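1. When you get a sec, could you give me coordinates for this:
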Amino acid sequence: MPSQPLSSSIPSSRSGNIVVCASLVLLFAMGVRATFGLFMQPMGLVHGWGRDVFSLAFAIQNLVWGVSAILMGSVADKWGSGRTIVASALLCALGLVGTRYAGSEAMLYLCGGVLVGLGQAGTTFAVLLPVVARAVPPEGRSTAMGIASAGGSMGQFVVVPAGQLLIDHFDWTGALWALSALMLLALPLASRLTGKPAHAAGSQSLGAAVRQAMGHGSYHFLFWSYAVCGFHTAFITLHLPAFVVDGGLKASDGALAIALIGLFNVFGSYWAGRMGGRHSKKHLLALLYATRSAAIMLLILLPLTPAVLYAFSALIGLVWLGTVPLTTALVGQIYGMRYASTLTGIVFFGHQIGSFVGVWLGGKLYVATGSYDAVWWISVALGLAAAALCMPVRERALVPA
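-> Presented below is the predicted three-dimensional model:
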């Protein structure tokens, strides 16, 4: 594909406002999500919960997020994205406050799992990226989604160290109150992210669009490769801080490692979006997944030192969420923008199936073996499998059935 001129890929001032607001909402939502690994040890010590308990809560959160992303995508397509974002931000804030007062495993699963998962569904990619995609012309779509995705990574860079500082100074209870307040900042931004896709007379119905996508092999390849993305990101987000402490480093090293992943992915997401407007998106996806496997091998084959940890964070950060604008852009490119929120939500459910398995398996195998080694090697194999799954994707647009 020939290179697009730089000016054609930069959003106009009007659409630029939408990109900025979407980036900020993603910054809050993804930043809050990335802090959950910081709470595993202090909450576990207070309540006597093992890592498997907290892992299951985070796994439930990811699975609920994935299932409800389909619902939130459909609500956004039918009634508008602004209302969806407001309701979801309130649910997420409520879930964080509930987690503060959770005194039993069941309450942790309900508040930190179900309520936060519902809130994440409408304040993250499945709802926000289609809003961005509709606001810019096709030639700038991939770049704009890369910029918005970078906002989520910036949240990881900014909010995770802030979360650790809050825990250090106000205990985990005060930190959860502060994070719930942060989610409420999404409410005024939602007023700039309103609207829904135009519905032309005689156009394809939602059911027909879903059936057509489900009958197309490329949709399944995107679904299951995205599941690998979820496995990697959720496992690393939740378990890397504990892995670092187990290896003899400080808790602050773990928080900094998660933050560095976010910082480097600001560049990685933007790069993926830019390159997606110039080159084959499926080939770029395959490259990202293979690079993840290489980064994980760097971490587990070398002695764990701060230098090795930060090198891993930088490399994995460059390919951390670059899969998101590429996968979302492929869904819109192949299946059209009319039901992009719903179709993206379904593919994102695959991402969250992987997230559920990654965090749950990480906790289970750690309790069973006292080590994360098996999960790291599974992650390497899955990255290579995802790279292979991307190659048969057909990037040509389908004619609506």
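
2. rest of the way, CA atoms for contacts and neighbours
-> Noted.

3. So Ala286 sits against Met391, correct?
-> Yes: counting by Cα atoms under 8 Å, Ala286 sits close enough to Met391 to count as a contact (6.9 Å).

4. Please say which of the two ends up with more neighbours.
-> For Ala286 and Met391, the more surrounded residue by other Cα atoms under 10 Å is Ala286, and the numbers stand at 21 against 16.

5. so who does Arg100 touch?
-> Arg100 is in contact with Thr173, Leu176, Trp177, counting by Cα atoms under 8 Å, 6 or more residues apart in numbering.

6. no wait, Gly383
-> By Cα under 8 Å, 6+ apart, the residues touching Gly383 are Val228, Tyr289, Ala290, Arg292, Ser293.

7. Compare the residues you listed and tell me which has the most neighbours.
-> When neighbours are counted as other Cα under 10 Å, the busiest of these turns out to be Tyr289, with 29 neighbours.

8. Which helix or strand contains it?
-> Using DSSP states H and E, the element containing Tyr289 is helix 281-301.

9. picking up where we left off before, which one among the contacts of Arg100 gets closest to Ala150?
-> Ala150 lies nearest to Leu176 out of the contacts of Arg100, by Cα to Cα, at 24.1 Å.

10. And that closest one, how far from Arg33?
-> Applying Cα to Cα, to the nearest Å, one obtains 11 Å for the distance of Leu176 from Arg33.

11. So what touches the helix holding Tyr289?
-> By Cα under 8 Å, 6+ apart, the list of residues contacting helix 281-301 from outside reads 229, 272, 275-276, 308-309, 312, 315-316, 319, 322-323, 326-327, 330, 373, 376-377, 379-384, 386-391, 393, 395.

12. how about low-confidence regions in the stretch 201-350 of the chain?
-> 201-202 (pLDDT under 70).

13. so where do the helices sit in it?
-> Counting by DSSP state H, counting those that start in this stretch, the stretch 201-350 of the chain has these helices, from start to end: 206-214, 217-246, 251-276, 281-301, 306-318, 323-335, 340-369.

14. Make JSON lines from those helices and add distance to Gln120 to it.
-> Supplementary listing: the helices of the stretch 201-350 of the chain in JSON lines, determined by distance: least, Cα to Cα, whole Å:
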{"stretch": "helix 206-214", "distance to Gln120": "23"}
{"stretch": "helix 217-246", "distance to Gln120": "14"}
{"stretch": "helix 251-276", "distance to Gln120": "18"}
{"stretch": "helix 281-301", "distance to Gln120": "24"}
{"stretch": "helix 306-318", "distance to Gln120": "21"}
{"stretch": "helix 323-335", "distance to Gln120": "15"}
{"stretch": "helix 340-369", "distance to Gln120": "11"}
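
15. With respect to Val131, which of those lies nearest?
-> Between Val131 and the helices of the stretch 201-350 of the chain, the shortest separation by Cα to Cα is 8.4 Å, and it involves helix 340-369.
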